[in-house]
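# sharing a model that was predicted from the sequence below.
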Amino acid sequence: MNSKNIAPDITSSSILDVDAIRADFPILRQKIHGKPLVYLDNAATAQKPEQVIKTLDNYYREYNANIHRGIHTLSQKATEAYEGARVKVQHFINASSIKEIIFVRGTTEGINLVAQSYGRTRLKRGDEIIISEMEHHSNIVPWQLLCEQTGAVLKVIPMNDAGELIMEEFEKLLGKKTRLVSVGHISNALGTINPIEKIIKMSHAYNAVALIDGAQAVSHIAIDVQALDCDFYVFSGHKLFGPTGIGVVYGKQSLLEDMPPYQGGGDMIKMVTLEKTLFNDLPYKFEAGTPHIAGVIGLGAAIDYVSDIGLENIAAYEHGLTAYAISAASGVTGLRLIGTARDKASILSFIMDGIHPHDIGTILDHEGIAIRTGHHCAMPVMEHFQVPATARASFSFYNKREEIDQLIQGLEKCKKVFK
């Protein structure tokens, strides 16, 4: 998004009926410190619509049972709902088969699964892994651990001061030793939308596998893994208006077939003797033990909800909302935006002269406004911009321009307090 070329008032009720959408989210009706909640911490976790909450309640009230194991009615109903949710995920990201959809606890576990199951069995000393300078810690630490285990070398794509990857430097990093490239689709600390189509294509030119961290993208952008041609795509349910503790690993079937199990236990096996175990088929080979059944079913309900609204509509609305926020924040004297990429989504990170981000967050909280402050699990980003922390407001389709106005008023109050 090039905010300079977007009028600040393009957010239109003709795109979405935001008032009707907000009515679906019961938490938005509460007051904080006596003031209506303005929830602007969606990059950390999104709120849950009534439809998801009722789905979870219905599961626990009416058909709570384990899956894949029982022939009784409750087990059969739970299994049907669980596997039905897998089909919904498949269609949501346009995977070619349900065999390519693995349920995990979240993006972090998904990346660790790929690092240990694919990376540890394929990489050797001297092989190279490429990540970027703007990654979340969950897309840094697993690769550092893998390098320690295998002797592989970790290389980093630098970014410029707008918070954009320097693609010319990425091209220089690629070589015959490159085995894997892992980058975020959207930066959680900056809002930058990375050119992942180009990154994937360039990686494949060197026969490297490409993993995309989609934690910040799936609630804002329509994802088509076949069109992207990525090898792995991982995301979390709780940022997609679903339950916490559930996530998805998409992997190309040809890769998943050759990967060993990440964990051992029940349901990921076909046959066990004391001498030998025969592992289950995909996708169950990677889903050991009793899974987060309610979480998977709830994720399916969240996908239904988002799909009914339409990600194209959501993207268009949030595009205008973000532009409005950038324009409004730019008018606050003493405020510096951190992350001014031309292609940007739903995140406004900033610092203010003479005010620590934690103080900004505290004052805003007393105004009923929830934002995130800190390093956002992206310490290398803070190091690049030479700041200890930032304040981050992050938006969703249930936010309104009036809430942006309240944020700006709150920031002006911060200035008065610290004048």
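Yep, it's here. None of the values given here were measured: they were computed from a predicted structure.
# give me the most central residue, the chain.
Among the residues of the chain, the one closest to the centroid is Ala215, at 1.1 Å (Cα atoms, centre = their mean).
# report pLDDT for it.
Ala215 is assigned a predicted lDDT (pLDDT) of 98.
# ok, Ser13 next?
pLDDT recorded at Ser13 is 50.
# what strand or helix carries the residue nearest to the centre of the chain?
Ala215 is part of no helix or strand, with elements assigned from DSSP states H and E.
# for it, which non-adjacent residue is closest in space?
Thr107 (4.2 Å; Cβ to Cβ, 6 or more residues apart in numbering). Quick note: C-beta positions are derived from backbone N, CA and C, even for glycine.
# what of Phe92?
Ile303 (5.0 Å).
# residue contacts, the one you found?
By Cβ atoms under 8 Å, 6 or more residues apart in numbering, the residues touching Ile303 are 85, 88-89, 92, 240, 242.
# returning to what we had before: the residue nearest to Ala215 reaches Tyr233, doesn't it?
No: Thr107 is beyond contact range of Tyr233, at 10.1 Å (criterion: Cβ atoms under 8 Å).
# please identify every residue contacting each of the two.
Joint contacts of Thr107 and Tyr233 (Cβ under 8 Å, 6+ apart) are Gly214.
# tell me how many other residues surround Ala23.
14 (other Cβ atoms under 10 Å).
# scratch that, Gln116
Other residues close to Gln116 by other Cβ under 10 Å number 18.
# return the strand or helix carrying Lys172 as PDB; C-alpha atoms alone will do.
Lys172 is located in helix 167-173, with elements delineated by DSSP H and E. Taking Å, rounded to 0.1, in the frame of the first residue of the first chain, the C-alpha atoms of helix 167-173 are listed here in PDB:
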ATOM      1  CA  MET A 167      15.700  -7.900  -3.000                       C
ATOM      2  CA  GLU A 168      19.000  -7.200  -4.700                       C
ATOM      3  CA  GLU A 169      20.800  -8.400  -1.500                       C
ATOM      4  CA  PHE A 170      18.500 -11.500  -1.400                       C
ATOM      5  CA  GLU A 171      19.600 -12.300  -4.900                       C
ATOM      6  CA  LYS A 172      23.300 -12.100  -3.800                       C
ATOM      7  CA  LEU A 173      22.600 -14.400  -0.900                       C
END
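# which residues touch the helix or strand that it is followed by?
Counting by DSSP H and E, the next helix or strand C-terminal to helix 167-173 is strand 178-184. With contact meaning Cβ under 8 Å, 6+ apart, strand 178-184 is reached by 111, 118-119, 122-123, 127-132, 134-136, 139, 143, 152, 157, 165, 194, 196, 199-200, 203, 206, 208-213, 215-216.
# for strand 178-184, what is the distance to the chain centroid?
Put simply, strand 178-184 sits 17 Å off its chain's centre (Cα atoms, centre = their mean, to the nearest Å).
# mean confidence score for that strand?
98.
# what's the next helix or strand after it packed up against?
Downstream of strand 178-184, the first helix or strand assigned by DSSP H and E is helix 196-205. Contact analysis of helix 196-205 by 3 or more Cβ pairs under 8 Å, 6 or more residues apart in numbering; DSSP states H and E lists helix 167-173, strand 178-184, strand 209-213, helix 225-228 as its packing neighbours.
# can we see that at 6 Å?
strand 209-213 (3 or more Cβ pairs under 6 Å, 6 or more residues apart in numbering; DSSP states H and E).
# what residues does the strand it packs on touch?
For strand 209-213, the external contacting residues (Cβ atoms under 6 Å, 6 or more residues apart in numbering) are 114, 139, 180-182, 184-185, 196, 200, 203, 230-234.
# redo that, cut-off 8 Å
Strand 209-213 has contacts (Cβ under 8 Å, 6+ apart) with 107, 111, 114, 118, 135-136, 138-139, 179-185, 196, 199-200, 203-204, 228, 230-235, 255.
# same deal with stretch 116-127?
129, 142-143, 146, 149-153, 177, 179-180, 209, 232, 255, 259-262, 286.
# again, only using 10 Å
Contact with stretch 116-127 is made by 111-115, 129, 142-143, 145-147, 149-153, 177-180, 182, 208-209, 211, 231-232, 249, 251, 255-256, 258-263, 285-286, as judged by Cβ atoms under 10 Å, 6 or more residues apart in numbering.
# check contacts around Tyr63.
By Cβ under 10 Å, 6+ apart, the contact set of Tyr63 is 73-81, 293, 297.
# wait, the residue nearest to the centre of the chain sits on Asn139?
Yes: counting by Cβ atoms under 10 Å, Ala215 sits close enough to Asn139 to count as a contact (8.9 Å).
# mutual contacts of the two, please.
107-108, 111, 184, 188, 234.
# highest neighbour count among these?
Counting by other Cβ under 10 Å, top hit in those: Val234 with 31 neighbours.
# and that one, what does it touch?
So Val234 contacts 102, 104, 106-114, 138-139, 182, 185, 211-215, 218, 247-251 (Cβ under 10 Å, 6+ apart).
# from these, which land in helices?
In helices, defined here by DSSP state H, the members of the contacts of Val234 are 107-113.
# and those residues, which is closest to Ile347?
Thr107 (16.3 Å; Cβ to Cβ).
# need the pLDDT of that closest one.
With respect to pLDDT, Thr107 has a value of 98.
# can you check Thr390 too?
If you check Thr390, the pLDDT there is 98.
# surely it and Ile355 touch.
No: if you go by Cβ under 10 Å, Thr390 and Ile355 don't touch, sitting 11.7 Å apart.
# looking at those two, which is more packed in?
Between Thr390 and Ile355, counted using other Cβ under 10 Å, Thr390 has the larger neighbour count: 27 against 18.
# where's that one relative to Asn160, distance?
17 Å (Cβ to Cβ, to the nearest Å).
# next: Met202.
For Met202, the distance to Asn160 - Cβ to Cβ - is 18 Å.
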